[in-house]
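# Pasting the sequence and the predicted model now:
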Amino acid sequence: MNGKKIAWIVGGVIALAAIVAALSAESGSVQAYGEVAVAGETLPRFEALPDPAVGMIAPTVTGETVSVIPGGTPTIVLFLAHWCPHCQVEVVRLTDWVEANGMPRGLQLIGVATSSTPAQGNFPPSVWLEREEFPFPVIYDDEESTAAAAYGLMAFPYWVVLDSDGRVVKRFTGELPSADAVTDLFTEVAGL
């Protein structure tokens, strides 16, 4: 390849990157990290059963537009990593389930996009979640994964179930095995 051709290719790549950056800035939907604030007692790291966090009041985590404020409504807090294949399956499963059944009354689910890294697929997480039409509000954790640490995250996906008083009822990791498991979990949480 001659120098002129290389210059055109490099120039084209730079121009394309500038266009993508400009479109992203205009849409305002591209987000990898957010600013979060945590208030309250940090949950112990989730490592073994019986879970020492059960019965504790969960900390409040406030993101830029979404907050997990324990109390009032039974809540599922779901921690997701854009690069995690199990999280990717879970996002599709939950999205399909809500599309087919609607969101049950009496519970809320809040996603937390955390452990983000530009070196992995589906970065930034906001683009991934928007592409999958994830129907739940999402907090974008900061680069230090402050929200994840406050909830004792150990693996992905990571589920934290809070009752209507904001107390931790259960925590578990891994994807749900089926749509029936989603139904069972949502039914259980709505009854808290």
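Sure, I can see it.

# CA only for contacts and neighbour counts going forward, please
Will do.

# can you give me the strands for the chain?
37-39, 60-62, 67-68, 75-80, 108-113, 138-140, 158-162, 168-173 (DSSP state E).

# What ranges in this structure fall below the confidence cut-off?
By pLDDT under 70, the weakly predicted segments of the chain are 1-29.

# a markdown table for the strands of the chain, including mean neighbour count and distance to Gly102?
Shown next, in a markdown table, are the strands of the chain (neighbours: other Cα atoms under 10 Å; distance: least, Cα to Cα, whole Å):
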| stretch | mean neighbour count | distance to Gly102 |
| --- | --- | --- |
| strand 37-39 | 16 | 31 |
| strand 60-62 | 21 | 26 |
| strand 67-68 | 20 | 21 |
| strand 75-80 | 25 | 16 |
| strand 108-113 | 22 | 12 |
| strand 138-140 | 26 | 18 |
| strand 158-162 | 24 | 20 |
| strand 168-173 | 20 | 24 |
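
# Export those strands to a markdown table and append columns for distance to Arg131.
Formatted as a markdown table, these follow (distance: least, Cα to Cα, whole Å):
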| stretch | distance to Arg131 |
| --- | --- |
| strand 37-39 | 27 |
| strand 60-62 | 24 |
| strand 67-68 | 23 |
| strand 75-80 | 15 |
| strand 108-113 | 14 |
| strand 138-140 | 14 |
| strand 158-162 | 21 |
| strand 168-173 | 24 |
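
# I'd like to know which of the ones you listed is closest to Ala150.
Closest to Ala150 of those is strand 37-39 (Cα to Cα; 7.2 Å).

# which residues are in contact with that closest one?
Residues from elsewhere that reach strand 37-39, judged by Cα atoms under 8 Å, 6 or more residues apart in numbering: Pro59, Thr60, Val61, Thr62, Gly63, Thr146, Ala147, Ala150.

# Each with direction, which strands does it pair with?
Strand 37-39 sits in its sheet next to strand 60-62 (antiparallel), going by DSSP bridges.

# The residue nearest to Lys170 when sequence neighbours are not counted bridge partners, please.
Closest residue to Lys170 apart from its sequence neighbours, by Cα to Cα, 6 or more residues apart in numbering: Val161 at 5.3 Å. Counting by DSSP bridges, Val161 is bridged to Ile76, Lys170.

# mind listing what Val161 touches?
Here Val161 is in contact with Pro74, Thr75, Ile76, Val77, Val168, Val169, Lys170, Arg171, Val189 (Cα under 8 Å, 6+ apart).

# domain assignment for the chain?
Following automatic domain parsing, one gets these domains for the chain: 1-30, 31-190.

# related to what we said a few turns ago, out of the contacts of Val161, the closest to Cys84 would be?
Closest to Cys84, out of all of the contacts of Val161 and judged by Cα to Cα, is Val77, at 16.9 Å.

# give me the number of residues near Ala181?
12 (other Cα atoms under 10 Å).

# And Ser178, by the same measure?
13.

# That one and Thr73, how far apart?
To Thr73, Ser178 is 25 Å away according to Cα to Cα, to the nearest Å.

# what about Gly166, how many neighbours?
Neighbour number of Gly166 under other Cα under 10 Å is 22.
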